[in-house]
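Quick one, fold the following:
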Amino acid sequence: MKRISYLIICAAALLLAASCAPKSESFRFIQISDPQIGFNPGDEKATIDWFSRTVDRIEELAPDFVICTGDMTHNMFDNNWQIAAFDSLLARMPESIPVYFTPGNHDYRTKEWPGSRDFYAEHYGESTFCFMHKGSLFIGFDSNLVKEGLVDQEAEQFAWLQTQLRELGPGADHIFVFHHCPVVSTSVDEEDTYSNFPEPYRSKYLKLFADNGVTAVFTGHCHRTAELEVDGVSLVNCGASGIPLGENNADGTPNTHCLNVVDVTPSEATWNIIPVDGGQEESNE
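Residues are numbered from 1 along each chain as shown. You can find the predicted model right below:
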């Protein structure tokens, strides 16, 4: 009887675990980056129109959720009209499409804008996120800690990243990571610049992603699209939904206002960076 009871308990535990495990399903999410309301060498309020079009396009594409990889406004801390404009447009998004954020270098700067990091936290919440969705793991973190040289905070965040990947990654169909500034811009051996992680951080994060089987890392910051694969991990830099910088993307295609549509099945994930105004560019298939 004791053995039978033990088997019943074990079976019940397995059923409970199965019921709590995230169910593998097909779904779509969208990445946008750098709407950067107010950033324009001409009419700075033209960026409002572009973000309005972006919101309309998102509604048409009907994703499960949206992730914005930073630079929501050009100067969030000092220009109330920018954040008001961003918020009012974002409020048009259906409640059924939640939006998650990672901070960009225009969202807070600890040295130039004292108090801006707290302001970001009050307005957008935590600068990291981690959740499972239909069998896939989503992790967002704050690349500003690396770029600003905030050593203690970066070390704490890196430990958190390691923990999430170690504990949740093995059970996921896919692992997607999001942050603002790319670890690598166009080449692993490129020089340290404004648009990548300096060494030794670059190697440290690339190893973390590869060791934990990350599927893709999605970033912004450069206002142009680029993609490369390092040790089996796709590094995807999405151009801006706001103002593009430069005529062409890294692969020579025209650089335009864009968003990244990611379609996920239990066995594969494909991303397709498309113009905000319609049309379709090449996907990673």
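
Quick one: classify residue 273 as helix, strand or coil.
Per DSSP: H, G, I helix; E, B strand; the rest coil, the secondary structure class of residue 273 is strand.

what sits against it?
225, 236, 238, 239, 258, 259, 260, 261, 281 (C-beta atoms under 8 Å, 6 or more residues apart in numbering). For glycine as for every other residue, the C-beta is placed from the backbone atoms N, C-alpha and C.

The first one touches residue 237, doesn't it?
If I follow you right, that is residue 225. Yes: the pair residue 225 and residue 237 passes the contact test of C-beta atoms under 8 Å, sitting 6.3 Å apart.

Overlap of the contact sets of the two?
residue 250.

Neighbour count: these two, which is higher?
residue 237 (29 against 24; other C-beta atoms under 10 Å).

give me the beta-bridge partners of the more buried one?
residue 219, residue 226 (DSSP bridges).

what residues does stretch 198-213 touch?
So stretch 198-213 is contacted by 146, 154, 158, 161-162, 165-166, 169, 175, 177, 183-184, 188, 192, 196-197, 217, 230-233 (C-beta under 8 Å, 6+ apart).

from these, which ones fall inside strands?
175, 177, 217, 230, 233 (DSSP state E).

what about the first one, how many neighbours?
A count of neighbours around residue 175, defined by other C-beta under 10 Å, yields 23.

contacting residues for it?
136, 137, 139, 165, 169, 212, 213, 214, 215.

Ok, the last one next?
Applying C-beta under 8 Å, 6+ apart, we find residue 233 in contact with 206, 209, 210, 214, 215, 216, 217.

now, which of those sits nearest residue 27?
Of all the contacts of residue 233, residue 27 sits closest to residue 215, with 14.2 Å by C-beta to C-beta.

Which per-residue confidence value corresponds to the closest one?
In this model, residue 215 is scored at 98, pLDDT.

State the distance from it to residue 169.
As for residue 215, its distance to residue 169 is 10 Å (criterion: C-beta to C-beta, to the nearest Å).

Comparing the two, which residue is more hemmed in?
residue 215 (19 against 16).

I'd like to know how far that one sits from residue 164.
15 Å.

Likewise for residue 151?
Counting by C-beta to C-beta, the gap from residue 151 to residue 164 is 21 Å.

okay, which residue is most central for this protein?
residue 178 (3.1 Å; C-alpha atoms, centre = their mean).

Now that one: closest residue in space that isn't a chain neighbour?
Spatially, and ignoring its direct neighbours in sequence, residue 178 is nearest to residue 140 (4.2 Å; C-beta to C-beta, 6 or more residues apart in numbering).

The one you found and residue 104 touch, don't they?
No: using C-beta under 8 Å, residue 140 is not in contact with residue 104, being 11.9 Å away.

Specify which residue of those two has the higher count of neighbours.
Applying other C-beta under 10 Å to residue 140 and residue 104 shows that residue 104 carries more neighbours, namely 28 against 25.

Tell me how far residue 66 lies from residue 44.
Residue 66 is 24 Å from residue 44, by C-beta to C-beta.

Between these two, tell me which one has more neighbours.
With neighbours defined as other C-beta under 10 Å, residue 66 and residue 44 compare such that residue 66 has more, 21 against 17.

elements contacting the host helix or strand of that one?
Residue 66 belongs to strand 65-68 when elements are defined using DSSP states H and E. Under the contact definition 3 or more C-beta pairs under 8 Å, 6 or more residues apart in numbering; DSSP states H and E, strand 65-68 sits against strand 27-32, strand 99-101.

counting contacts, what elements does the last one pack onto?
Taking 3+ C-beta pairs under 8 Å, 6+ apart as the contact definition, the neighbouring helices and strands of strand 99-101 are strand 65-68, strand 136-140.

quick one: contacts of it?
Contacts of strand 99-101 (C-beta under 8 Å, 6+ apart): 65-68, 70, 72, 90, 93, 124-125, 129, 138, 140, 178.

After it, which helix or strand is next?
By DSSP H and E, the next helix or strand past strand 99-101 is helix 116-124.

Quick one: distance of that following helix to the chain centre.
18 Å (C-alpha atoms, centre = their mean, to the nearest Å).

The helices and strands packed on strand 99-101: which one's closest to residue 26?
Across these, closest to residue 26 is strand 136-140 (C-beta to C-beta), at 10.5 Å.

and that closest one, what's its mean pLDDT?
pLDDT averaged over strand 136-140 gives 98.

Without its sequence neighbours, what residue ends up closest to residue 187?
The nearest residue in space to residue 187 (C-beta to C-beta, 6+ apart) is residue 228, at 7.4 Å.
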